[in-house]
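Undergrad: 3D, please:
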Amino acid sequence: MASTTVETDQPTLRRVIGPKLLLLFIVGDILGTGVYALTGQVAGEVGGAAWAPILLAFAVATVTAFSYLELVTKYPQAAGAALYTHKAFGIHFLTFLVTFAVLSSGITSASTAAKFLAENFIVGFDLDWGQGGVTVVAVSFMALLAVVNLRGVKEGLAFNVVLTLVELTGLLIVIVIGFFAMAQGNVDLGRTTVFATAEDKSVFLALTAATSLAFFSMVGFEDSVNMAEETKDPLRTFPRVMLTGLGITVTIYVLVSVAAVAVVPVGTLAESTTPLLEVVRAGAPNLPVDVIYPFLSMFAVANTALINMLMASRLLYGMARQDVLPRVLGKVLPRRRTPWSSVVFTTLIAAGLIITVTNVMGPETVAALGGTTALLLLGVFTIVNVAVLVLRRTPVDREHFRSPGPLPYVGALTCAFLVGPWAQDPVEYRIAGVMLGLGVVLWFLTFLWNRAVRAKTTRFEDPAALDG
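TA: Modelled structure (predicted):
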């Protein structure tokens, strides 16, 4: 199908991001809540060989990364999956579902980070507040993020570098402590090769479920496509930098998982809400590292939550401005020029999600929210991989990266497989269904209003401008 381009007289973004800054952005975006919070849950699914699902999740993410590389160099605009879906299929409702799925994944990811931060807050201050107290802290943190979001945040790359170093420091502490304990002969390395699953699961099903959960730790690379218009020579820079970033993070993750399982029994890791803190305590009992580690973890995941809520509120604002969601969600503060109504709305959804899921799942909330994030993004990645194949029928007059051979087919099949019920907890379908259902209801109400009152078709005018 032919595509149209909306011409504007707005100045283009400055291409100021080189390979080093882009690499730090990608590594910093991937590192975070997943490995800090879900290492124990992954080990609980497959036993000591927790590195195996991490490697499989890396393989799936890398195949999909090749598809993103083909699309971002073919269409170097800051809109991501929504733009690729719209260019490939031209179905406005499908574009809406993909956009709202990305938005929802941002909210569930931020909620995961908030819940994990609250767990570390309780441990760090040695409080005996129970799950009720953890929920209060998590919701209060989301409210604080809303205040910051309302004031307006200009995310500097220098700030991202600092936070990336904090995240790396926390993980390197675990690796160093773990391998020091190995050198002293105080660990059981045999545990790292043992597959142990629940009695009702085969190794294959357990590995599949663990891979889907571990996939949450590998997401974030797709956010880098939003930097395409500000990157120097994106055709040459993006492929090598994105693949290098994925390689660095998976190496760190595998080393962390090996160190964690070698130092701490799998059962202890799986039951802990702060699994890496258990590694620090067991591996270096005479050092006061465990005193500061909860706060280090809090700082490491706080930025993940902020960026995801910023993304979610801006996507909601962008859809409201394009009249595919109620226009009230596009209200902006006159002085701050921040989308206050979308910030409030996304914060209320996140708070409601934390409270509701906590009452259902209890201590398992982090895994449920993290798994839902992975489920939503795996669905989006399935469509993106198919979009690559469809858009190959529409050549462009610029040189661009091309995903090797049949990789987009492999990416579509593997992502679709991991969306299936054999890889997901039923509660994750319910959470994702409620999130997407809310979006569909809002879209339908907007559709009725536009048709009855404004005599207007409900459709995207410019998907490339969805980032608001």
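
Undergrad: can you count the residues close to Thr304?
TA: Other residues near Thr304 come to 26 when the count uses other Cβ atoms under 10 Å. Using the backbone N, CA and C atoms, a C-beta is placed for each residue, glycine as well.

Undergrad: got it, and Leu127?
TA: Other residues near Leu127 number 12, with proximity taken as other Cβ under 10 Å.

Undergrad: Strands of the stretch 1-150 of the chain, start to end?
TA: Taking DSSP state E, counting those that start in this stretch, the stretch 1-150 of the chain contains no strands at all.

Undergrad: Just the pLDDT at Gly40, thanks.
TA: The score at Gly40 is 90. That number is its pLDDT.

Undergrad: Hmm, Ala270 and it touching each other?
TA: Yes: here Gly40 reaches Ala270: they are 4.9 Å apart, a contact under Cβ atoms under 8 Å.

Undergrad: any weak-confidence spans in the stretch 1-150 of the chain?
TA: Applying pLDDT under 70 to the stretch 1-150 of the chain picks out residues 1-16, 78-79.

Undergrad: Gly40 and Ala270: which has the busier surroundings?
TA: Between Gly40 and Ala270, Gly40 has the larger neighbour count (other Cβ under 10 Å), namely 26 against 19.

Undergrad: which residues does that one contact?
TA: Taking Cβ atoms under 8 Å, 6 or more residues apart in numbering as the criterion, Gly40 is in contact with 260, 269-272, 275, 278.

Undergrad: The same query, at a cut-off of 6 Å, please.
TA: Taking Cβ atoms under 6 Å, 6 or more residues apart in numbering, we find Gly40 in contact with 269-270, 272, 275.

Undergrad: for Ile30, same thing?
TA: 220-221, 249.

Undergrad: And Ala88, by the same measure?
TA: 387, 390-391.

Undergrad: what ranges do the helices span in the stretch 201-350 of the chain?
TA: 203-218, 234-263, 266-271, 275-283, 289-321, 340-361 (DSSP state H, counting those that start in this stretch).

Undergrad: Tell me which of the ones you listed sits nearest to Gly439.
TA: Closest to Gly439 of those, according to Cβ to Cβ: helix 289-321, at 8.9 Å.

Undergrad: how much space between Cys415 and Ala57?
TA: 11 Å (Cβ to Cβ, to the nearest Å).

Undergrad: Check Leu269 too.
TA: From Leu269 to Ala57 the distance is 18 Å (Cβ to Cβ).

Undergrad: what does Val194 give?
TA: Applying Cβ to Cβ, the value for Val194 to Ala57 is 20 Å.

Undergrad: of those two, who's got more company?
TA: When neighbours are counted by other Cβ under 10 Å, Val194 and Ala57 differ, and Ala57 comes out ahead with 26 against 13.

Undergrad: need the contact list for the more buried one.
TA: 211, 214-215, 218.

Undergrad: burial count for Thr338?
TA: Thr338: 18 neighbours (other Cβ under 10 Å).

Undergrad: same deal with the one 5 residues further on?
TA: For Val343, the count of nearby residues is 26 (other Cβ under 10 Å).

Undergrad: I'd guessed it sits against Ala312; true?
TA: No: using Cβ atoms under 6 Å, Val343 makes no contact with Ala312, being 9.1 Å away.

Undergrad: Compare the helices of the stretch 201-350 of the chain and give me the one nearest Ile17.
TA: Closest to Ile17 of the helices of the stretch 201-350 of the chain, according to Cβ to Cβ: helix 234-263, at 8.2 Å.

Undergrad: Alright, I will stop here.
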